[in-house]
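> One predicted model, sequence on top.
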Amino acid sequence: MNLRRENARMVGKLVIVVAGMFGFGYALVPIYQAICEFTGVNILAIGERDMPGRSKAAPGNTQVDTSRTITVEFDANVRGPWRFKPAQTSLQVHPGEMATVMYEFENVQDRRMAAQAIPSYAPRQAAAHFNKLECFCFNEYTLAPGEKKSWPVVFVIDPKLAKDVTTITLSYTFFEVGSKTPPAPASTAVHKSTEAGA
């Protein structure tokens, strides 16, 4: 009988502890917000508050140079029996602005193949300022016979690009892995050291 009573007391204490912990965890968020707003520590909380005269529009990206427009031309070269092309031939972007272009590929052979793309740039000095955030050229791909794929290239042009550069050509040469690697087009060839950092 004593043992049952002790067990019941212990269960009661544990229930109280669990309820207290739940209540404390639930109250942490408003307590944290109140402390942050009072002390001014949380910049995000201050920025999101409604203040007199504050514009409701989201602030723009201050790193985008809207005073300049660069035309980016997209090119595709194939070394083998397959289809490879950009979904659009050109795009106008501001330096610092993130942009995306899709490239389309189709394996028209009756066998599986592994392939990869090599990018190159014109003019050459643009390579150091053409920052790819996502690119199919980072990986090797295996495609089944007749398989079609669309791959994105997400990029940002560094605002430090020389102001006299108004057009950049991004060219890809798509080749089968295991075959002889083709050289980049002569007019847009880039040094390997530059391309490695792209």
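That came through fine.

> domain ranges for this structure?
2-48, 70-196 (automatic domain parsing).

> pLDDT averaged over the shortest one, what's the number?
Taken as a whole, domain 2-48 carries a mean pLDDT of 70.

> The longest one too?
In this model, domain 70-196 has an average pLDDT of 83.

> still on that earlier bit, between the domains of the chain, which gets nearest to Val64?
Among those, domain 70-196 comes nearest to Val64, with 4.1 Å by Cβ to Cβ. For glycine as for every other residue, the C-beta is placed from the backbone atoms N, C-alpha and C.

> Listing partners with orientation, what would you give for the helix or strand containing Glu104?
According to DSSP states H and E, Glu104 maps onto strand 98-107. Applying DSSP bridges to the sheet, strand 98-107 is found paired with strand 82-86 (antiparallel), strand 148-157 (antiparallel).

> What residues sit buried inside the helix or strand that the shortest one is followed by?
To tie it back to what came earlier, the one meant is strand 82-86. With elements assigned by DSSP H and E, the helix or strand that comes after strand 82-86 is strand 90-93. Residues of strand 90-93 classed as buried by neighbour count (16 or more other Cβ atoms under 10 Å): Leu91, Val93.

> Nearest residue to the residue nearest the centre of the chain in space, please, no chain neighbours.
Taking Cα atoms, centre = their mean as the criterion, Leu133 is the residue nearest the geometric centre of the chain, at 4.6 Å. Spatial nearest neighbour of Leu133, chain neighbours left out: Val154 (4.5 Å); criterion: Cβ to Cβ, 6 or more residues apart in numbering.

> Please work out how many residues are found near that neighbour.
By the criterion of other Cβ atoms under 10 Å, Val154 has 13 neighbours.

> Likewise for Phe175?
20.

> pretty sure it is in a strand, no?
Yes: assessed with DSSP: H, G, I helix; E, B strand; the rest coil, Phe175 lies in a strand.

> Now do the same contact list for Pro86.
Counting by Cβ atoms under 8 Å, 6 or more residues apart in numbering, Pro86 touches Phe74, Asp75, Ala76, Val101, Met102, Tyr103, Glu104.

> For the residue nearest to the centre of the chain, give me phi and psi.
Main-chain torsions, Leu133, degrees, to the nearest 10: phi -90, psi -30.

> how close does it sit to Gln92?
Separation of Leu133 from Gln92 (Cβ to Cβ, to the nearest Å): 19 Å.
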